[in-house]
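Engineer: would you be able to build a 3D model of this:
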Amino acid sequence: MIPSLPHLRYEKKFIAEGRTLAEVLARVRLHPSAFREVYPPRTVNNVYLDSPARRDYHNHINGTADRSKTRVRWYGEQFETADGPRLERKLKRGMVSGKEAHPLPALSISRDCIRSGLNTAFETASIPPLLRSSLRHVEPALFNRYRRHYFLSRDGKFRLTVDSHLQFAAAHNNHGPALASSLPLTILILELKFDPDAAESADAITNALPFRLARFSKYVTGIEGL
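Structural biologist: All right, here's what the predicted structure looks like:
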């Protein structure tokens, strides 16, 4: 059962097709809500974890209302070494979602040691016992990375990210996590995030974004693409 979490939020995703990154960023900066870039762009790296039967993947494609995704995330251009990684659980409850995160020790990312390295990190990190126990039943399922730009609306109620250069690799690849593009570089993903008390204003924000509103999961896309 997915626990109740504070700081639940709405997330809306958009796909920008046939546009360059520069064009999409320019449209975001011209939005009536005066989005401004609030953090330098950076590369986001993930190792998604799932059960051997891919329970989280199937829960997502079946539209299960209460579902979760588990990943290890870190930032930076270096993929083979995870410096400052965090264990994150993305929790979905109906239309809203939340996230819990726990810091982990540095990791080496290679097929030969990723599973054992993750297990050691989970056992030594400060993780709630119930969550630690559940991690014994999952395995690395997908490697993923992308470039992310961060924006905030003038009133501070809406956060918008723009993701480009999506890359994926299968965690069971016998040649290690060699990342490969599995989406055309002309596809960019935008995510609008806001608290429930700002929901009444969300339509005005989304209507002024000239991009296609869509269900999109990087984890599901990577699993199906590979």
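
Engineer: can you tell me the SS state at the residue sitting furthest away from the middle of the chain?
Structural biologist: Here the centre of the chain is the reference, and by C-alpha atoms, centre = their mean the most remote residue is residue 32, at 26.5 Å. Following DSSP: H, G, I helix; E, B strand; the rest coil, residue 32 is assigned to coil.

Engineer: so it touches residue 206, yeah?
Structural biologist: No. If you go by C-beta atoms under 8 Å, residue 32 and residue 206 don't touch, sitting 11.8 Å apart. C-beta here means a position set from N, CA and C on the backbone, and glycine is covered the same way.

Engineer: quick one: the strands in this protein?
Structural biologist: Along the chain, the stretches classed as strands by DSSP state E are 9-16, 36-50, 66-75, 81-82, 86-93, 96-103, 107-108, 139-152, 158-170, 188-194, 212-213.

Engineer: in this structure, where's the longest helix?
Structural biologist: helix 114-124 (DSSP state H).

Engineer: any low-confidence regions in this protein?
Structural biologist: The model of the chain has pLDDT under 70 over residues 1-6, 111-112, 172-185.

Engineer: any residues touching the longest helix of the chain, and which ones?
Structural biologist: With contact meaning C-beta atoms under 8 Å, 6 or more residues apart in numbering, helix 114-124 is reached by 47, 49, 72, 85, 87, 104-105, 107-108, 132, 135-136, 139-140, 171, 177.

Engineer: please produce a ChimeraX select command covering the buried subset of those.
Structural biologist: Listed next is the ChimeraX selection for buried residues among the contacts of helix 114-124, using 16 or more other C-beta atoms under 10 Å:
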select :47,49,72,85,87,104,107,135,140,171,177
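
Engineer: show me which pair in the contacts of helix 114-124 is furthest apart.
Structural biologist: With distances taken as C-beta to C-beta, the most widely separated pair in these is 132 and 177, at 24.4 Å.

Engineer: in the sheet, who's paired with residue 150?
Structural biologist: With DSSP bridges as the criterion, residue 150 is bridged to residue 39, residue 161.

Engineer: ok, now residue 101?
Structural biologist: Here residue 101 sits in beta bridges with residue 88, as judged by DSSP bridges.

Engineer: residue 201: neighbour count?
Structural biologist: For residue 201, the neighbour count with other C-beta atoms under 10 Å is 14.

Engineer: nearest spatial neighbour of it, chain-adjacent residues omitted?
Structural biologist: residue 157 (6.8 Å; C-beta to C-beta, 6 or more residues apart in numbering).

Engineer: so residue 45 makes contact with residue 145?
Structural biologist: Yes. The pair residue 45 / residue 145 is scored as a contact, 4.6 Å apart, by C-beta under 8 Å.
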